[in-house]
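In: Dropping the sequence and predicted coords here.
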Amino acid sequence: MATRSVVCNFCGHEVITHPSDDKGACRPKWRKILYEKQPYDDNYTDETSFLIELVQNANFREYDYWTVVVDSSLVTQQVTIVALFCIIFHLSYSAKIGLPFLLLMDTLMLVLGYTMSVLLDPQFQLSDLTVSLLRVMLLFGSVFGLAPVLRTLTDAFSDDTIWALTVIVLTAHIYFYDYGYISSESRATFQAPASLNSAIFASVLLGSRLPSTLHVFCLISAAIEVFGLFPIMSRHLKLFSTVLHLGLTTLLFVLAASLLFSISNVLALIYIALAVAITFVCPAWLVSIQKYKNEIKGPWDEATVRSFQEMSQEYV
Amino acid sequence: MGGVEMHLYQLSQCLIKRGNKVIIITHAYGPRSGIRYLTNGLKVYYIPFVQFYNQNTFPTFYASFPLLREILIRERINIVHCHQAFSTLAHETILHARTMGYPTCFTDHSLFGFADASSIHMNKVLKFSLSDISQVICVSNTSKENTVLRSQIDPQLVSVIPNAVDTSVFTPDPSARDPNKITIVILSRLVYRKGIDLVIDVIPVICRRFPNVHFLIGGDGPKRVELEEMREKHQLHDRVELLGSIQHAAVRSVLVRGDIFLNSSLTEAFCIAIVEAASCGLLVVSTKVGGVPEVFPPHMMKYSEPNSADLTERLSEAVAVVRNIVPHQLHQEVKAMYNWDNVAERTEKVYDRMAQIPNISFFERLRRFHGCGVVAGKINCLVASTDYLLWRLLEWYSPAHEIDTAIDFPCNTY
């Protein structure tokens, strides 16, 4: 159905002559307006301009499999951290490691982690050291003081409740975790209070099963280091070098897997399967379903309001 | 009265004038239940169904069938016309009317997106309803594109018939304006969707730029608090007047007090408010969204992008030229463009087109429903088949020839 656009000899307007017009009469081009009566039926659909403003998949991003795999290492790392924390708890619960070893481990983790983040942080100054030392003393001092209270907080719960609650709460921690913090250069504040709270709550829950106050102190300190302070170091590491970050993740994975094997084979296998799924299977899935993406935008969309403040910030 | 109710009422009145018999079926509004007669013998059935959210009846799929069937048979209805995609009663009526074989038409009054959860569900429901519809009417070309995309029907089925305005009611009255000030009127629900955030940004800037400009804001809603905060922050109590909720009968008296009408909606299929304002002789400044650019030619309206900066510029331009506008000329132009008789005439053409479509068999209907999706198609067929069985049951239990026909209101004698 070819339509030709010509200039009418009589009226001088651009008109469309359509071969199916019975009288061969020329009529003006159809316009997308409502205020004038046009010589077309109400259900006329203009082939050239119908849905011409439709934009499909304007924000489509082509995902590269290996980039997604590297990015998914953040999630794997967090799952590994949770697994390591549970291992620490289990080792002290089943008395496989004694109190001195726990204390030593906590101190080593703190010192090592702090040194690494200091070395990797480009903006570190010596004056920050005294501030950090003060903060450490304050934090761990208060945990030490509160340890007796925290130990008896969830004492009355039965064991089953504790295990079930811990699983739920740690899953919530992984779900709500601020993954964007670790990879972002500009944003230096960790913004997921729900995840941190869930993790500390899990440590308090687990702490009530431990024999003495010092055990509880060690566990909660470990929780603070692993959930609260480790992200800082991890972020500096990732910003410094992605390869090192991947190396750390692999190291932690191997550590967690081998320790889990000493606890229970089933758990270790589940953990390895989960890590492999997150790292290799899920990215493949994501890349393969991109072909179904169909994002439709057009003049019918609700406009996004941009206030003066937002627009002026763009010029800053 | 909302825009859709106004549309229904005016369209019904004009169709009655053209010699058709029109009845309206809607749900009961509190004590307003039963059958009432409006002007010119327009019969309205307020059926006693429970409402559950946003003035919508509780969707039961089948519970409305016996009553609807009874009404359609006793009134000897030939054509069923349903309105508004949000209305559960409309969707149920389309299903039942099509099961009984009536030619059914649907008018869509609003635009929908595709991305959020509520839109996805509504679009699926619409796809179900429009799989087997005779004709569709949309109020603007943008609305037609949107409806065709959402329900994936043949565009030839969709006619574009714009809304109109009663120009005999909305007449200009320049004497009602204050000659010392330039009054900008904003009449809308104070919700996010109507772009009240833009208004909040624009008012302080305009008030600073033009010392003789005043704002008149009618309507109520959740954003009223923010407007009052803005007014408080910039000390504009004498320049910004908040009128609260306005009855539809009083809209004209508020409009004629203004020189300029500001519409800042973020999405609009066809904005009746701006047509009412232009009919009262106000210069219209509006955001260029949805179907709004199709409503008026460029010389009658100022379009702006939906952001505060551009809206402020257009409003400033409007303030500069508003004294050159002749209200009666605007009114005459609107009168020539939009009137309800024209809408009724074009709607009758759609009805004629529907009468020419042959009846389709039940299996053809099932085939159409089945095309809605892999899982949805099967569910749709189940729903349609159950409806058909229910219809046969009703035909056996209460045969059509035993239902008394209602007397038509003798509007010719009045």
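Out: Now that the structure is in, tell me what you want to look at.
In: what sits up against the lengthiest helix in chain B?
Out: Counting by DSSP state H, the longest helix found in chain B is helix B:376-397. For helix B:376-397, the surrounding residues in contact (CB atoms under 8 Å, 6 or more residues apart in numbering or on different chains) are B:61-62, B:65-66, B:69, B:95-96, B:99-100, B:124, B:127-128, B:131-132, B:362, B:365-366, B:369-372. Heads up, the C-betas are built off the backbone N, CA and C, glycines and all.
In: can you rerun that using 10 Å?
Out: B:61-62, B:65-66, B:69-70, B:92, B:95-96, B:98-101, B:124-125, B:127-129, B:131-132, B:362, B:365-373, B:400 (CB atoms under 10 Å, 6 or more residues apart in numbering or on different chains).
In: Select only the buried ones of these in ChimeraX?
Out: Per 16 or more other CB atoms under 10 Å in any protein chain shown, the buried members of the contacts of helix B:376-397 correspond to this ChimeraX selection:
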select /B:65,69,92,95,96,98,99,100,124,125,127,128,129,131,132,365,366,368,369,370,372
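In: Tell me which of the contacts of helix B:376-397 fall in strands.
Out: The members of the contacts of helix B:376-397 all map outside strands under DSSP state E.
In: Okay, now the unreliable bits of the stretch 51-200 of chain B?
Out: Along the stretch 51-200 of chain B, segments meeting pLDDT under 70 are nowhere present.
In: now do the stretch 201-350 of chain B
Out: For the stretch 201-350 of chain B, no range has pLDDT under 70.
In: Get me the contact residues on it for chain A.
Out: The stretch 201-350 of chain B comes close to chain A at residues B:201-202, B:204-205, B:264-270, B:275, B:287-297, B:300, B:305-309, B:312, B:333-334, B:336-338, B:342, B:346-347, B:349-350, as judged by CB under 10 Å from any CB of the partner chain.
In: Swap in 8 Å and give it another go.
Out: B:201, B:205, B:266-267, B:269-270, B:287, B:289-291, B:294-297, B:306-309, B:337-338, B:346, B:349-350 (CB under 8 Å from any CB of the partner chain).
In: Which ones among the contacts of helix B:376-397 lie within helices?
Out: Checked against DSSP H, the contacts of helix B:376-397 include these in helices: B:65-66, B:69-70, B:92, B:95-96, B:98-99, B:124-125, B:127-129, B:362, B:365-370.
In: what residues does the stretch 1-150 of chain A put near chain B?
Out: Counting by CB under 8 Å from any CB, the stretch 1-150 of chain A sits next to chain B at A:32-36, A:41-43, A:45, A:50-51, A:53-54.
In: picking up where we left off before, filter the ones in helices among the contacts of helix B:376-397 down to the ones close to chain A.
Out: Within these, nothing lies near chain A by CB under 8 Å from any CB.
In: show me what contacts the residue nearest to residue B:189 when sequence neighbours are not counted?
Out: Nearest residue to residue B:189 in three dimensions, chain neighbours excluded: residue B:221, at 4.7 Å (CB to CB, 6 or more residues apart in numbering or on different chains). By CB under 8 Å, 6+ apart, the residues touching residue B:221 are B:189, B:190, B:191, B:196.
In: Next, find the distance separating residue B:221 from chain A.
Out: 16 Å (CB to the nearest CB, to the nearest Å).
In: Would it be right to say that that residue lies in a helix?
Out: No. Residue B:221 is assigned coil when assessed by DSSP: H, G, I helix; E, B strand; the rest coil, not a helix.
In: Any chance of the backbone angles for it?
Out: Per-residue torsions, residue B:221: phi 160, psi -180 (degrees, to the nearest 10).
In: likewise residue B:82?
Out: According to degrees, to the nearest 10, residue B:82 has phi -110, psi 150.
In: now the residue nearest to it when sequence neighbours are not counted, what's its secondary structure?
Out: Using CB to CB, 6+ apart and skipping the chain neighbours, the partner closest in space to residue B:82 is residue B:90 (3.9 Å). Here residue B:90 is recorded as helix under three-state DSSP.
In: other SSEs contacting whichever strand or helix holds residue B:205?
Out: Assigned by DSSP states H and E, residue B:205 belongs to helix B:196-209. In terms of contacts (3 or more CB pairs under 8 Å, 6 or more residues apart in numbering or on different chains; DSSP states H and E), helix B:196-209 is packed against strand B:213-218, helix B:224-234, helix B:308-321.
In: For residue B:3, which of those is the nearest?
Out: strand B:213-218 (15.3 Å; CB to CB).
In: so the closest one versus helix B:308-321, what angle?
Out: 110 degrees (axes from the mean of the first three to the mean of the last three CA atoms, to 10 degrees).
In: Strand B:213-218 pairs with which strands?
Out: strand B:182-187 (parallel), strand B:240-244 (parallel) (DSSP bridges).
In: Just want the angle from it to helix B:196-209.
Out: 150 degrees.
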